[in-house]
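Peer 1: my questions concern the predicted model and sequence given below.
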Amino acid sequence: MKTGRWYYPLIALPLAAISGVLLALALPPNDISAIGWIAFIPLLIVSRITRPLIATGCAFIAALTCGRMLTGPVTTDAQLGNSIAAFGGLGLVLAFAVGVSAFGSRRMPAAVWAVFVACAGVSAEFLARSIFPVSLAISQYQTAGALRVASFTGIWGVTFLLWLFPASLVALCTSRRAWPVFTVSLLLTLLVVFLPFPKPSGTKTIQVAAIQAQDQWSASDITDKIASHTQIVVWPEYLLDHKSPVPVNAARHNRVYIVADIIEPTGGRKLYNAAILISPKGKRLAAFRKQHLFGKEQFEFTKGRSSRAVKCDKFTAGAPVCFDSEFTDVIRAQVRSGANIILIPNHDPETPNCTFNYLHLAAIPFRAAENGVPIAWAESNGLSSVIDSTGRILSRAPIHSATAARAHVHLRHRSTFFTLAGDYFAWICVATTFVLLTLSVLRKRTSG
């Protein structure tokens, strides 16, 4: 495929829109995960036939198409702002990956280009964290093999494979010399798709519940109903007054541990958004301050620092708050400090069709699998879930109903490679992208 034809930009536009449609079908709530492995093919064809600037623009078209399909009509300013944040971030990730791929397509052998594309895709997501965390790998949140990969490489390894397979296929269409890379990527993809879920290991289990309710009184009522068969109850992110007696009374009355979310003052002007762990005796055991603030929270609260896990009678808990779970560092740090279960109060911002709820939930199985730790994720509007240490969703509440997701989970008893090594794979991809990009600038244009 070579650039230069006057009509190629006209072809590129519908190709970009097709990629956006495929990506929307792969992502939650559509959940046709198999499409995720081919969603980037049209965009990568664009990167081979057009110049980088045009390819970058087409990436934004793909992101807008995907966003429109997932959200539907936007009816309020809040929905519009939140949708722009999410899918604008997606546009930046795709623009970087496709733009540098277009640059490299005219300066690299086809096989090298395929690996470069995969590394660029990971680099785009990894570097975009400071703006807005976006991970296209969440399309595979129900794929057992993908979650197994995440336990070694983090979610970054899955992103790498999602770019490598379509890139190697496009490369093979331009040069037969790319067949080794395509063969390897095909075998890895098939392995990931067909691997089954492993059985959770460990002998210690505990019953945990994730409440789904609009306010603390409803959460208390639901807790009363389920407490006889539950040891830990997680409430959504309510930002309660720190003096509110409701969660303390609910814990004491039902003899259960409760994680609730409060506004925590410090005696000065600082306020923290914090998850507190309350004992069955009504005693506050610990506070976990939110480290990654979302939207207007950045003007209302102070960022928390890394919190260590807290040891209780039968478990050791960590409790990141809402947006913290979109990043790999918070849960990993709490697991490294000893947590064998993660309890997350959550409240996603308003988006049409609860799009944020679906997309956010899809990241949680990866956090569980990365660290081999069960997670209870309590969301006020919908999809509250309990997830086991392999990343499998054991219980999930429906949208817009006052209820609870409950399940027995095996407590974490050993560390995964990712927990020990961290984001090493992402850093390798960033370094590889930089090296290949630098070499391509210095190298004359080569044919595939």
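Peer 2: It's in.
Peer 1: ok, Val98 - contacts?
Peer 2: Neighbour list for Val98: 43-44, 46-47, 55-56, 58-59 [criterion: CB atoms under 8 Å, 6 or more residues apart in numbering]. Backbone N, C-alpha and C define where each C-beta goes, glycine included.
Peer 1: need the longest helix for this protein.
Peer 2: In the chain, ranked by residue count with DSSP state H as the criterion, the top helix is helix 77-105.
Peer 1: that older thread, among the contacts of Val98, which lie within helices?
Peer 2: 43-44, 46-47, 55-56, 58-59.
Peer 1: out of the residues you listed, which two sit at the greatest distance?
Peer 2: Greatest spacing in those, by CB to CB: Leu44 and Thr56 (13.4 Å).
Peer 1: neighbour count winner among the two?
Peer 2: Neighbours were counted for Leu44 and for Thr56 using other CB atoms under 10 Å; Leu44 has more, 27 against 23.
Peer 1: returning to what we had before: make JSON lines from the ones in helices among the contacts of Val98 and add distance to Asp261 to it.
Peer 2: Output for these, formatted as JSON lines (distance: CB to CB, whole Å):
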{"residue": "Leu43", "distance to Asp261": "39"}
{"residue": "Leu44", "distance to Asp261": "42"}
{"residue": "Val46", "distance to Asp261": "44"}
{"residue": "Ser47", "distance to Asp261": "44"}
{"residue": "Ala55", "distance to Asp261": "43"}
{"residue": "Thr56", "distance to Asp261": "40"}
{"residue": "Cys58", "distance to Asp261": "41"}
{"residue": "Ala59", "distance to Asp261": "37"}
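Peer 1: show me which of those residues are buried.
Peer 2: Burial by neighbour count, 16 or more other CB atoms under 10 Å: within these this picks out 43-44, 46-47, 55-56, 58-59.
Peer 1: OK, contacts around Ala209?
Peer 2: Contacts of Ala209 (CB under 8 Å, 6+ apart): 223, 226, 230, 232-234, 376, 386, 404-406.
Peer 1: how much distance is there from whichever strand or helix holds Phe434 to the middle of the chain?
Peer 2: Taking DSSP states H and E as the criterion, Phe434 maps to helix 424-442. Centroid displacement of helix 424-442 relative to its chain, using CA atoms, centre = their mean, to the nearest Å, is 24 Å.
Peer 1: which parts of the stretch 151-300 of the chain are strands?
Peer 2: For the stretch 151-300 of the chain, the strands defined by DSSP state E, counting those that start in this stretch occupy 205-212, 232-234, 240-241, 257-265, 271-278, 284-289.
Peer 1: and of those, who's closest to Val248?
Peer 2: When the strands of the stretch 151-300 of the chain are compared (using CB to CB), the closest one is strand 271-278, at 5.8 Å.
Peer 1: note down every partner strand of that closest one and its orientation.
Peer 2: Its sheet considered, strand 271-278 pairs with strand 257-265 (antiparallel), strand 284-289 (antiparallel) by DSSP bridges.
Peer 1: without its sequence neighbours, what residue ends up closest to Pro200?
Peer 2: His410 (4.0 Å; CB to CB, 6 or more residues apart in numbering).
Peer 1: hmm, that neighbour is touching Pro198, no?
Peer 2: No. The criterion here is CB atoms under 8 Å, and His410 misses it with Pro198 at 11.3 Å.
Peer 1: which of these two has more neighbours?
Peer 2: Counted by other CB under 10 Å, His410 and Pro198 do not tie: His410 has more neighbours, with 21 against 14.
Peer 1: check what pLDDT the more buried one gets.
Peer 2: Per-residue pLDDT puts His410 at 93.
Peer 1: now do the contacts for it.
Peer 2: Contacts here follow CB under 8 Å, 6+ apart; on that basis His410 touches 200-205, 374, 388-389.
Peer 1: do the same with Leu186
Peer 2: Counted by CB under 8 Å, 6+ apart, Leu186 has contacts 165, 168.
Peer 1: what segments of the stretch 201-350 of the chain are helices?
Peer 2: For the stretch 201-350 of the chain, the helices defined by DSSP state H, counting those that start in this stretch occupy 216-226, 246-254, 297-300, 328-336.
Peer 1: any idea how far the residue nearest to Phe152 when sequence neighbours are not counted is from Ser105?
Peer 2: Among residues not flanking Phe152 along the chain, Phe417 sits closest, at 4.8 Å (CB to CB, 6+ apart). The gap separating Phe417 from Ser105 is 33 Å, by CB to CB, to the nearest Å.
Peer 1: more neighbours, those two?
Peer 2: Shown here are Phe417 and Ser105; by other CB under 10 Å, Ser105 has more neighbours (30 against 15).
Peer 1: count of neighbours near the nearest residue in space to that one that is not next to it in sequence?
Peer 2: The shortest distance from Ser105 to any non-neighbouring residue, by CB to CB, 6+ apart, is to Arg48 (5.0 Å). Neighbourhood size, Arg48 [other CB under 10 Å]: 23.
Peer 1: and what of the one 3 residues further on?
Peer 2: When neighbours are defined as other CB under 10 Å, Arg51 has 18 of them.
Peer 1: now do it, the pLDDT please.
Peer 2: The model reports Arg51 with a pLDDT of 89.
Peer 1: repeat for Gly267
Peer 2: Confidence at Gly267, expressed as pLDDT, is 69.
Peer 1: try Ala78
Peer 2: Looking at Ala78, its pLDDT stands at 69.
Peer 1: mind splitting this protein into its structural domains?
Peer 2: According to automatic domain parsing, the chain comprises the domains 8-197+423-442, 205-413.
Peer 1: what sits against the residue nearest to Ser105?
Peer 2: 1, 102, 105, 170, 174.
Peer 1: most neighbours among those residues, please name it.
Peer 2: Ser105 (30 neighbours).
Peer 1: was I right about it contacting Ala114?
Peer 2: No. Using CB under 8 Å as the test, Ser105 is too far from Ala114 to be in contact (10.2 Å).
Peer 1: for burial, what's the neighbour tally of Leu293?
Peer 2: Leu293: 20 surrounding residues under other CB under 10 Å.
Peer 1: please renumber the chain so that the first residue is 531 from this point on.
Peer 2: Renumbered: residue one is now 531, and that last one reads Leu823.
Peer 1: show me the beta-bridge partners of the residue nearest to Pro730.
Peer 2: With DSSP bridges as the criterion, His940 is bridged to Thr735.
Peer 1: from Val738, how far off is it?
Peer 2: His940 sits 11 Å away from Val738, taking CB to CB as the criterion.
Peer 1: could you do Ile568 as well?
Peer 2: 37 Å.
Peer 1: between the two, tell me which one has more neighbours.
Peer 2: The residue with more neighbours, out of Ile568 and Val738, is Val738; 31 against 15, by other CB under 10 Å.
Peer 1: now do the contacts for that one.
Peer 2: Applying CB under 8 Å, 6+ apart to Val738 gives the contacts 760-764, 871, 873, 904, 906, 916, 936-937, 939.
Peer 1: could you dump those residues into TSV with distance to Phe896 and neighbour count added?
Peer 2: Converted to TSV, the contacts of Val738 look like this (distance: CB to CB, whole Å; neighbours: other CB atoms under 10 Å):
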residue	distance to Phe896	neighbour count
Thr760	26	18
Gln761	26	19
Ile762	22	22
Val763	24	31
Val764	19	32
Ile871	17	26
Leu873	17	27
Pro904	14	30
Ala906	16	31
Val916	16	26
Arg936	22	20
Ala937	18	20
Val939	17	27
